[in-house]
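J.: Here is the input, now give the coordinates:
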Amino acid sequence: MRRFSPAKRNFEVLNQADTADRPTARIIPRAEHSISRSAISPNALRVLYRLREAGYEAFLVGGCVRDLLLGITPKDFDIATSALPEEVKRTFRNCRLIGRRFRLAHVFFGRDIIEVATFRAMSAPDEQPIEAPPPDLDDDEELDDELEDELDEDLEDTDESTVLAEAGPHQTGFHGGRPLAERDPSRHAGAGTEDDDDEDRVTDEHGRILRDNVYGTIDEDVWRRDFTANSLYYNIADFSIWDYTGGVEDIAARRLKLIGDPVTRYREDPVRMLRAARFQAKLGFSLDGATGTSISSLRELLGSVPPARLFDETLKLFLTGHGARSLEVLQAHGLLAELLPTVASYLQRHPEGAVARLLKQGLVNTDQRVQQGKPVTPTFLFALLLYGPIADIIEKQPQEKWHDIGTIVDAVDRAARAAQGRISIPKRFSLGVREMFAAQPRLEQPRGRRALRMLEQPRFRAGFDLLLLRADMGLADPAIAAWWTKVQEVSQTDRDRMADQLLGQPRQAGEGGGGGRRRPRRRRRGRGRAPAAT
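T.: Numbers count the residues shown, from 1 in each chain. This is a model prediction of the structure:
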């Protein structure tokens, strides 16, 4: 019979390998908390009940429990269980196992996905670093593909198990449901060698976890989570909340605190610094003590994080309804310089310039679209973020070339390549940014009815939105922006008349569609060709 006592606030023991000294859970009964099953996704409830009926422990865990306590409707509902991934798959026909580094189960209900993770064990964080194996390029490519496929569906909080699953190459581990001491080593993937257990957890020279693949119990799993506010478990068996770390009190105080020693936890996974900034921006929480002060001395560790993970975190920072605040928080902690160095450099040199105002207003507009349930796109986000670096490159060219499409396209490509040094931007988004900027000269200088063809272009709306934003900041002619706004609202006949008036050639009454006099087509020199990079 497991015994429980109120959670102790002694965080010095949370990074110790000896589990006997760790605090035990405080169980908060249903009558003493505000979470109701009516606020929980019906599909998440189905998974929880099915796992319990199959004889496994099943809990809602992480950000969804935190949000429910705050009165926020969670976007995702994650589940932690004693069932192994293969056991989850046998329990649900609509289940798919993902991840080579750390196995996770996704249970599908149409477009709704419930993520199920097996409890993980705690390993000693102060073990000597082990030389990591060569990076698995196939894994990195697979991760990038999965991120592209799921961007529009899942930009909200990832569970800590997902974060660590992407931290480095893992082996698949299969452990039994019996107590750890009784488990059969033959059930481990790759079992049969004496070194298998030693390779379950691998860190680099900075302490960053490269491999982490040990299953355990809920009493061990909690210490692997990042923040106290994200370490609460909602037990479907009796609707109680299990709190090991004082997370309920920290949520009430709107305080964000890392579990364990902040320096150690940031070194294990530097992305936790970005997660701290995201939660600070999203929830309005303050960073407690060393959770905040340690960032300035450790932020350079983000340079060792795979670019695909940083891309994913960038979208969560800027495309989930709190992008404007995220920019402020990243700048305050010096994290923007580690994430997007060229953007941070430009904003530092021109903090109150038109481009800085354009970026901030664009993020405010994006936040409003998210709150209204409208779609947002990474393409427009990176057009905003890279505007300053692109302008920097263009303005180094002779002024007569600033509006040349070739100059603009070349600047976009160079700015995107510079950003790729830290963030892996999928090509479909970087090409979209190129098309948006290449459309600006055509939008600013519409030429008769040929201009109306722009309305049929797939990227017209994104390019038009950028033009409106530029006009608001004094970077484009407001009259032209107003013309494009009106031409979308009128009939085709009025569109033709507006286009003819641009050339000073209003159509005569009764004139046929092809009876007007055409201006000779003038061939542009060098159109669309990018000049040599300088």
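J.: R434 and D413 touch, don't they?
T.: Yes - applying CB atoms under 8 Å as the test, R434 and D413 come out as touching, 6.7 Å apart. Every C-beta, even on glycine, is put in place using the N, C-alpha and C of the backbone.
J.: who's more crowded, these two?
T.: R434 (22 against 18; other CB atoms under 10 Å).
J.: Could you identify the helix or strand that succeeds the helix or strand hosting the more buried one?
T.: For R434, the host element (DSSP states H and E) is helix 427-444. Scanning forward in sequence from helix 427-444 by DSSP H and E, the next helix or strand is helix 460-472.
J.: now for that next one, which elements pack on it?
T.: helix 354-371, helix 378-385, helix 427-444, helix 478-487 (3 or more CB pairs under 8 Å, 6 or more residues apart in numbering; DSSP states H and E).
J.: Just say which of those is most tucked in.
T.: Most buried of those by mean neighbour count (mean count of other CB atoms under 10 Å) is helix 378-385; its value is a mean of 24.
J.: other SSEs contacting it?
T.: By 3+ CB pairs under 8 Å, 6+ apart, helix 378-385 packs against helix 307-318, helix 354-371, helix 405-420, helix 427-444, helix 460-472.
J.: Kindly recompute the last result at 10 Å.
T.: helix 307-318, helix 323-333, helix 341-349, helix 354-371, helix 405-420, helix 427-444, helix 460-472 (3 or more CB pairs under 10 Å, 6 or more residues apart in numbering; DSSP states H and E).
J.: how about CSV for these, with mean pLDDT and distance to F102 added?
T.: Converted to CSV, the helices and strands packed on helix 378-385 look like this (pLDDT from 0 to 100; distance: least, CB to CB, whole Å):
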stretch, mean pLDDT, distance to F102
helix 307-318, 96, 14
helix 323-333, 97, 27
helix 341-349, 96, 30
helix 354-371, 96, 29
helix 405-420, 95, 26
helix 427-444, 94, 27
helix 460-472, 93, 36
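J.: and the angle from the helix holding R434 to helix 478-487?
T.: Here the directions of helix 427-444 and helix 478-487 differ by 100 degrees (axes from the mean of the first three to the mean of the last three CA atoms, to 10 degrees).
J.: Turn the helices and strands packed on helix 460-472 into a markdown table, including distance to F285.
T.: Converted to a markdown table, those look like this (distance: least, CB to CB, whole Å):
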| stretch | distance to F285 |
| --- | --- |
| helix 354-371 | 18 |
| helix 378-385 | 24 |
| helix 427-444 | 30 |
| helix 478-487 | 39 |
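J.: Looking at those, spot the one closest to D226.
T.: When the helices and strands packed on helix 460-472 are compared by CB to CB, helix 354-371 sits nearest D226, at 23.8 Å.
J.: so how far is G463 from I40?
T.: 42 Å (CB to CB, to the nearest Å).
J.: Also A237?
T.: 55 Å.
J.: pLDDT weak spots in the chain?
T.: Scanning the chain for pLDDT under 70 picks out 1-22, 101, 122-213, 504-534.
J.: can you give me the strands in it?
T.: For the chain, applying DSSP state E gives strands covering 26-28, 58-61, 78-81, 95-98, 104-109, 112-118, 201-203, 209-212, 233-235, 240-243, 255-256, 286-287.
J.: For E489, give its distance to G292.
T.: Distance from E489 to G292, by CB to CB: 49 Å.
J.: Same drill for these two, tell me which one is more crowded.
T.: Neighbour totals were compared for E489 and G292, and G292 leads with 20 against 8 (other CB under 10 Å).
J.: wait, doesn't the more buried one sit right on L256?
T.: Yes - in this structure G292 lies within contact range of L256 using CB atoms under 10 Å: 8.2 Å.
J.: any shared contact partners between these two?
T.: A276, A277, Q280, S286 (CB atoms under 10 Å, 6 or more residues apart in numbering).
J.: Is the last one bridged to anything, and to what?
T.: Meaning S286. Here S286 sits in beta bridges with R255, going by DSSP bridges.
J.: count of neighbours near it?
T.: 14.
J.: Check the first one too.
T.: Other residues within reach of A276, judged by other CB under 10 Å, total 27.
J.: Thought R255 was touching it, still the case?
T.: No - if you go by CB under 10 Å, A276 and R255 don't touch, sitting 11.8 Å apart.
J.: Common neighbours of the two, please.
T.: By CB under 10 Å, 6+ apart, the residues touching both A276 and R255 are F227, F285, L287, D288, T291.
J.: what's the burial count for the second one?
T.: By other CB under 10 Å, 21 other residues sit near F285.
J.: what about it, distance to Y233?
T.: 20 Å.
J.: now swap in the last one and tell me
T.: Distance, T291 to Y233, by CB to CB: 21 Å.
J.: cool, the third one as well?
T.: As defined by CB to CB, L287 lies at a distance of 24 Å from Y233.
J.: So between these two, which is more surrounded?
T.: Y233 (25 against 22).
J.: residue contacts, that one?
T.: 25, 27, 57-62, 65, 79-80, 218, 221-222, 225, 240-244, 247.
J.: Tell me how far it lies from V487.
T.: Applying CB to CB to Y233 and V487 gives a distance of 56 Å.
J.: ditto for L327
T.: 33 Å.
J.: Same check on Y266?
T.: From Y266 to V487 the distance is 52 Å (CB to CB).
J.: for G284, same thing?
T.: G284 is 42 Å from V487, by CB to CB.
J.: just V214 next, same as before
T.: For V214 relative to V487 (CB to CB), the value is 62 Å.
J.: Dig out what H106 forms beta bridges with.
T.: Applying DSSP bridges, one finds that H106 bridges with R96, E115.
J.: wouldn't it be in contact with V116 here?
T.: Yes - applying CB under 10 Å, one finds H106 in contact with V116, separated by 7.5 Å.
J.: The two: who's more crowded?
T.: The neighbour count for H106 versus V116, taken as other CB under 10 Å, is higher for V116 (29 against 17).
J.: who's in contact with the more buried one?
T.: 44, 47-48, 51, 56, 58, 78-81, 83, 85, 88-89, 91-92, 95, 97, 104-107, 159, 161.
J.: give me the number of residues near the residue nearest to it when sequence neighbours are not counted?
T.: Nearest non-adjacent residue to V116, counting by CB to CB, 6 or more residues apart in numbering: A105, 4.2 Å away. The number of residues packed near A105 is 26, by other CB under 10 Å.
J.: what about A237 and G463, which has more around it?
T.: G463 (23 against 11).
J.: wait, doesn't the more buried one sit right on A383?
T.: Yes - with contacts counted by CB under 10 Å, G463 reaches A383, the gap being 9.1 Å.
J.: Distance check, L274 against L339.
T.: Taking CB to CB, one finds L274 at 7 Å from L339.
J.: Need the overlap of contacts for the two.
T.: R299, L302, V305, L310, E313, T314, L317, L330.
J.: tally of neighbours for the residue lying closest to the fifth one once chain neighbours are set aside?
T.: Okay, so that is E313. Of all residues not flanking E313 in the chain, L274 sits nearest, at 4.7 Å (CB to CB, 6+ apart). For L274, the neighbour count with other CB under 10 Å is 28.
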